[in-house]
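In: Show me how the following folds:
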Amino acid sequence: MPIVQFENVSKIYKSGEHVLRALDGVSLALDEGKFVVILGPSGAGKSTLLNLLGGLDSPSEGIITVCGQDISKLSDNALADYRAATVGFVFQFYNLIPTLTVYENVKLVSEIAKNALDAKQMIEQVGLSDHLNNFPSELSGGEQQRISIARALCKNPKILLCDEPTGALDSETGGKVLGLMLDMARTYGKTVVVVTHNQSIAKMADVVIRVKNGKIRSVEEQAHPMRADEVEW
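Out: Residues are numbered from 1 along each chain as shown. Purely as a prediction, here's the structure:
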C-alpha cells in the first residue's frame, strides 16, 4: 500500500470573480522509502502540492491519504498533530533560530515529536559535531542547510518534504547537501519528496513527477537513479 495517495485533489483560490486552480484534479501514489522529485516551472503547483501533503493547507476537493489516514478534512489542531508526528520539512531558507546554538536548534524538535532521535547523533551524521555550540550566524550556508536537515531527521518523520532545498546554495555545495539528504533518507528509510525546478536533481530520483498548470503531466520511475557525486551540477 502506498504511503501517500492523492485522489482527484484540487486546490482552488477565489478572489472576487477570479478563480485560480493551483492544483487541478491531481491523483498520484507514492511508495515508502522512495526519493521523489517534483519538477515544474514557477506557478506550476509544486509548492501547493507539497503544502497539502505537509498538512500546511487543506484541499478544496479530493482526498489525501497518508499512512492510511485521511488528512483532507482534519481540523487545524489535528493537522498540527499530523505535522508533528509524520512530516519533516527542509526549506530553501533554513529557518534556524538565530539565538539558539546548533545543538539547541536540533534538540528543539524533541519537544514536539514523541519519537525524536538523538540530536547529537543527527548533528554528527551531517558532519557538524564540532559546531554544537556555534550559532547559525557562525556557519556557512551549506552548514546551516545541513543543520536544518539534521533537525528535520531528528524529528524522526515518516516523510521528509523539501522545498527548493538547495536554491540558496552554490551548485557544488547544493550537490553535497542533496547527497547527504539522499544518504540520510536511505539510511533511515524515509520517503523524501523534493520540489524543485532543477533538472539535475531529478537524475537522483527514484520517481520524477512533472507538474504544469496545476496538473500532473508525467510520472517516471527510474530503475537506476544516479548518486549525487555522479551528477554534473
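
In: Check the spacing between residue 180 and residue 187 real quick.
Out: Distance, residue 180 to residue 187, using C-beta to C-beta, to the nearest Å: 10 Å. In this view, the C-beta of every residue, glycine as well, is placed from N, C-alpha and C.

In: Quick one: distance of the worst-scoring helix or strand of the chain on mean pLDDT to the chain centre.
Out: Within the chain, confidence by mean pLDDT, DSSP states H and E is lowest for helix 171-188 among all helices and strands, at a mean of 80. For helix 171-188, the distance from its own C-alpha centre to the chain's C-alpha centre is 13 Å (C-alpha atoms, centre = their mean, to the nearest Å).

In: Stretch 91-108 now?
Out: The answer for stretch 91-108 is 17 Å, by C-alpha atoms, centre = their mean.

In: What are the buried residues along it?
Out: Across stretch 91-108, burial judged by 16 or more other C-beta atoms under 10 Å covers 91-92, 94, 96, 101-103, 105-108.

In: got it, and stretch 202-214?
Out: Result for stretch 202-214 [16+ other C-beta under 10 Å]: buried residues 202-211, 214.

In: With pLDDT and secondary structure added, can I get those residues in CSV?
Out: Output for these, formatted as CSV (pLDDT from 0 to 100; DSSP: H, G, I helix; E, B strand; the rest coil):
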residue, pLDDT, secondary structure
202, 90, helix
203, 91, coil
204, 89, coil
205, 92, coil
206, 93, coil
207, 95, strand
208, 96, strand
209, 96, strand
210, 96, strand
211, 95, strand
214, 95, coil
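
In: Tabulate the residues you listed in TSV, adding columns for distance to residue 50.
Out: Shown next, in TSV, are these (distance: C-beta to C-beta, whole Å):
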residue	distance to residue 50
202	16
203	20
204	18
205	15
206	17
207	15
208	15
209	11
210	15
211	10
214	14
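
In: Show me which of those is closest to residue 124.
Out: In terms of C-beta to C-beta, no member of those lies closer to residue 124 than residue 204, at 23.7 Å.

In: In the least confident helix or strand of the chain, which of the residues would be classed as buried?
Out: Buried residues in helix 171-188 (16+ other C-beta under 10 Å): 173-182, 184-185.

In: Output it as PDB, restricted to C-alpha atoms.
Out: Taking C-alpha atoms only, helix 171-188 is exported to PDB below (Å, rounded to 0.1, in the frame of the first residue of the first chain):
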ATOM      1  CA  SER A 171      25.900  24.200  -7.200                       C
ATOM      2  CA  GLU A 172      28.800  22.300  -5.600                       C
ATOM      3  CA  THR A 173      27.500  22.800  -2.000                       C
ATOM      4  CA  GLY A 174      24.000  22.100  -3.200                       C
ATOM      5  CA  GLY A 175      25.100  18.800  -4.700                       C
ATOM      6  CA  LYS A 176      26.800  17.800  -1.400                       C
ATOM      7  CA  VAL A 177      23.700  18.700   0.600                       C
ATOM      8  CA  LEU A 178      21.500  16.600  -1.700                       C
ATOM      9  CA  GLY A 179      23.800  13.700  -1.500                       C
ATOM     10  CA  LEU A 180      23.700  13.900   2.300                       C
ATOM     11  CA  MET A 181      19.900  14.200   2.300                       C
ATOM     12  CA  LEU A 182      19.700  11.100   0.000                       C
ATOM     13  CA  ASP A 183      22.100   9.100   2.100                       C
ATOM     14  CA  MET A 184      20.400  10.000   5.300                       C
ATOM     15  CA  ALA A 185      16.900   9.300   3.900                       C
ATOM     16  CA  ARG A 186      18.100   5.900   2.700                       C
ATOM     17  CA  THR A 187      19.800   5.100   6.000                       C
ATOM     18  CA  TYR A 188      16.700   5.800   8.000                       C
END
